[in-house]
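J.: Build me a model from this:
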Amino acid sequence: MGAWAEDAFGNDTACDWAGDFSENPSLEVVKEAINSVIATADYLDSDEACEGLVACEIVARLKGNWGEKSVYSEEIDKWVESTNVEPSKELVAAAEKAIVRILGSDSELQELWDEDGKSEKWHSEMNNLLERVKS
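T.: Below you'll find the model as predicted:
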């Protein structure tokens with residue numbers, strides 16, 4: 001995983017997914033990424049988790065609960081600002097469940113961030129995202 005920051009957009013996989021999303025943005029794509037995370041009963045691959053986190057960021061931003069804007073989130077931010085789409089209660093609940101799944105056991109992304117001891121900054125970023133999705 002090529003990561004440079006602890007937030008949802010701070011890695012290669014997330015940026016690739018965000019770029020693909022920006023070419024054809026829809027809530028259906030967001031739902032697919034989130035559902036992919038929560039449907040994984042076994043070991044959760046880090047790429048799936050990274051994609052799911054960006055989808056969760058979209059949910060939070062559609063609710064008006066913005067995270068940090070950056071060059072990596074720019075195209076998604078433009079779409080969120082220009083759309084009147086609102087996430088359903090079901091999608092919000094699924095996003096919450098996905099973040100909890102990513103933070104839990106059998107998650108490669110969590111293991112990668114915590115392999116040298118708990119990454120407080122990453123956990124803080126993920127908990128912040130969870131709170132923004134919930135609010």
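
J.: Tell me if residue 133 really is in a helix.
T.: Yes: Residue 133 forms part of a helix when assessed by DSSP: H, G, I helix; E, B strand; the rest coil.

J.: Look at it and say how many residues are nearby.
T.: Residues within reach of residue 133, counting by other C-beta atoms under 10 Å, total 24. Every C-beta, even on glycine, is put in place using the N, C-alpha and C of the backbone.

J.: in this structure, which ranges drop under the pLDDT threshold?
T.: 1 (pLDDT under 70).

J.: Looking at it, which helix is longest?
T.: Longest helix in the chain, counting residues (DSSP state H): helix 46-62.

J.: Check the gap between the residue positioned nearest the centre of the chain and residue 22 for me.
T.: For the chain, the residue sitting closest to the mean C-alpha position, by C-alpha atoms, centre = their mean, is residue 53 at 1.3 Å. Distance, residue 53 to residue 22, using C-beta to C-beta, to the nearest Å: 16 Å.

J.: same check, this time on residue 69
T.: Remark: distance between residue 69 and residue 22 (C-beta to C-beta) = 14 Å.
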